[in-house]
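Q: Need a 3D model of the sequence below.
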Amino acid sequence: MKAQFVPFLTATNVQIRELENRSRIIATAVALAVSRVVSLPSAAVEAPGTHYNFTVLPEVQHHIGEFNEEVVFDVRLALAAAREFWMLRYHAAHAETFALVDPGAGFYDNLIGVAMYVDRDSCCFNNAHLVAIYALASEALGLIQQEQMQQVQQGAAHV
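A: Numbering: from 1, shown residues only. Coordinates of the predicted model:
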């Protein structure tokens, strides 16, 4: 195990009390962190899903793969959640007209696109485990940013 992952693993043991939810909480937290560091287009694109698949997904897979080498979690769920979170970021940055409104979702959920991109089960689960997900996402984000800094430093050293 890589030493830099020890705080993340410690946090998982502190934050997650129910073992049956461990994999899903970790997957969601990692996905949230990954979705925060991958790029968004600077302007709206014609097909955000296609842009994601061809431009963003390889980097998402890389980061999720790094965590999967150190921690056991549902990678397919993490990939799906990372896409949802990225689409929410995209929607917030490049808001469309108010085309789809789900009266069962809250005002702010509709405003940022949750009703379009996230299923009710995920919303309920994430709401129930939000403290653990945010705590672990913060740890994961720190690890990803640390890796990115090291890559930049290595790139500068080769110049």
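
Q: going forward, measure contacts and count neighbours with C-alpha atoms only.
A: OK.

Q: Tell me which stretches of the chain form helices.
A: For the chain, the helices defined by DSSP state H occupy 6-15, 19-37, 48-51, 57-68, 75-93, 107-112, 114-117, 120-128, 130-157.

Q: now, of the ones you listed, which is deepest in the fold?
A: Of all the helices of the chain, helix 19-37 has the most neighbours on average by mean count of other C-alpha atoms under 10 Å, namely a mean of 23.

Q: how much does that one deviate in direction from helix 75-93?
A: Interaxial angle of helix 19-37 relative to helix 75-93 (axes from the mean of the first three to the mean of the last three C-alpha atoms, to 10 degrees): 40 degrees.

Q: Mind putting the helices of the chain into a markdown table with mean pLDDT?
A: Output for the helices of the chain, formatted as a markdown table (pLDDT from 0 to 100):
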| stretch | mean pLDDT |
| --- | --- |
| helix 6-15 | 95 |
| helix 19-37 | 97 |
| helix 48-51 | 95 |
| helix 57-68 | 97 |
| helix 75-93 | 96 |
| helix 107-112 | 82 |
| helix 114-117 | 85 |
| helix 120-128 | 93 |
| helix 130-157 | 92 |
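
Q: okay, those in TSV with distance to residue 101 next?
A: What follows is those, written out as TSV (distance: least, C-alpha to C-alpha, whole Å):
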stretch	distance to residue 101
helix 6-15	34
helix 19-37	24
helix 48-51	19
helix 57-68	28
helix 75-93	14
helix 107-112	6
helix 114-117	7
helix 120-128	14
helix 130-157	24
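
Q: can you list contacts of stretch 113-127?
A: Residues outside stretch 113-127 that contact it (C-alpha atoms under 8 Å, 6 or more residues apart in numbering): 28, 84, 87-88, 91-92, 100-102, 105, 109-110, 133.

Q: Look at that stretch and report the distance between its end residues.
A: By C-alpha to C-alpha, to the nearest Å, the extent of stretch 113-127 from end to end equals 16 Å.

Q: Give me the contacts around stretch 49-69.
A: 30-31, 34-35, 38-39, 45, 75, 78-79, 82-83, 87, 144.
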